[in-house]
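Novice: just need the structure, nothing else, for what follows:
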Amino acid sequence: MNQMYQARRPAQSEFAPVRNLKYHVLRWGAAGSDLPPLVLMHGWMDVAASYQFVVDAFSPAFYAGRTILAADWRGFGLTECPGHDNYWFPDYLADLDFLLDHYVGNRPIDLVGHSMGGNVVMLYAGVRPQRIRRLVNLEGFGMPATRSDKAPKRYAQWMDELKSLHRGELALKSYADADGVARRLMKTNPRLPEDKARWLARQWARPNAQGQWEILGDAAHKIVNAQLYRVDEVLAAFAAITAPVLSVEASENQMEQWWQGKYTLAEFHERLRRVPQLQQATIQDAGHMLHHDQPEQLAALIENFLA
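Specialist: Next up is the predicted model:
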């Protein structure tokens, strides 16, 4: 494979204590800035370093004097796994709350979340509205609506998947080298350039003792949530958001492919009507990983919205 992407604004890597875990955090820019801190939260089976291309694309005027933080969620990247065999969505909210306590105290922040991270930050902004100045949701669509009569089967599915995990059936695939990881990233996202794939592969995976490259994600993340997704609770959180919200989608609607009619973009837009101050935008020539596909477009959108 060819050349590797070179980060124009390398991050400082550090660890912060969050609820008995060592949380891995990337920090860019100036400490102690008067500008609102910008906090970037990644999606499922991703890492904080995914935002490097967007940070590199920010204008010098926007970047100057600003503190930018991105964290690996629990069980992803270099953040510790909690030591149990499944993950509960409320833990992401609490982790973010503790993380903000550690880094910014009571200062309102500008918050960005992608995919799963977008779902977390939308809920968080309704739960802790006083902490958010502006909010950007990148393709955090939420989940299909559920009915309570599905609960017995959901609990059974959850227990069955736990057993699969303990039998080793959910283990993530390993790769012979970093370039194998890069090829996997490009197969998943054909828009990802090779130089960026090679750079990302080294953030997304690490060699194990046998020299095989392993994805930095806990296999337990693959287990279904035991509790049903409750749209009424989500809508209540949306209605409680006081910050202006920018909801960003990619021009390629991959959501319909994922859910096969169980949940549509129109349903998501209907939910967004509960958000008191909403703007919407579309990134052209991009798929779900829009921060990889069009970092310059996204950086400009974020800059204009946060101005």
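Novice: this structure: strands as residue ranges?
Specialist: Ranges of strands in the chain, per DSSP state E, are 12-18, 21-29, 38-41, 67-71, 109-114, 132-138, 174-175, 205-207, 213-215, 245-250, 278-283.
Novice: can you redo those as TSV with distance to residue 92?
Specialist: Just so you know, the C-beta spots here come from the backbone N, C-alpha and C atoms, and that holds for glycine as well. Listed next are the strands of the chain as TSV, based on distance: least, C-beta to C-beta, whole Å:
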stretch	distance to residue 92
strand 12-18	11
strand 21-29	12
strand 38-41	8
strand 67-71	11
strand 109-114	10
strand 132-138	14
strand 174-175	26
strand 205-207	22
strand 213-215	19
strand 245-250	18
strand 278-283	22
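Novice: want to throw those strands into a markdown table with mean pLDDT?
Specialist: Putting the strands of the chain into a markdown table (pLDDT from 0 to 100) gives the following:
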| stretch | mean pLDDT |
| --- | --- |
| strand 12-18 | 98 |
| strand 21-29 | 97 |
| strand 38-41 | 98 |
| strand 67-71 | 98 |
| strand 109-114 | 98 |
| strand 132-138 | 98 |
| strand 174-175 | 96 |
| strand 205-207 | 96 |
| strand 213-215 | 96 |
| strand 245-250 | 98 |
| strand 278-283 | 98 |
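Novice: export those strands as CSV, with columns for mean neighbour count.
Specialist: Listed next are the strands of the chain as CSV, based on neighbours: other C-beta atoms under 10 Å:
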stretch, mean neighbour count
strand 12-18, 14
strand 21-29, 21
strand 38-41, 26
strand 67-71, 25
strand 109-114, 26
strand 132-138, 25
strand 174-175, 17
strand 205-207, 18
strand 213-215, 20
strand 245-250, 23
strand 278-283, 16
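Novice: check contacts around residue 203.
Specialist: Residues in contact with residue 203 (C-beta atoms under 8 Å, 6 or more residues apart in numbering) are 47, 49-50, 52, 77, 216.
Novice: what's the closest of the residues you listed to residue 141?
Specialist: residue 50 (17.9 Å; C-beta to C-beta).
Novice: could you find the closest non-adjacent residue to the closest one?
Specialist: residue 42 (5.3 Å; C-beta to C-beta, 6 or more residues apart in numbering).
Novice: isn't the one you found right up against residue 73?
Specialist: Yes: the pair formed by residue 42 and residue 73 meets the contact definition of C-beta atoms under 8 Å, at 6.8 Å.
Novice: overlap of the contact sets of these two?
Specialist: residue 117.
Novice: tally of neighbours for residue 235?
Specialist: Residue 235: 18 surrounding residues under other C-beta atoms under 10 Å.
Novice: excluding its backbone neighbours, what's nearest it?
Specialist: residue 274 is the one closest to residue 235 (C-beta to C-beta, 6+ apart), at 4.9 Å.
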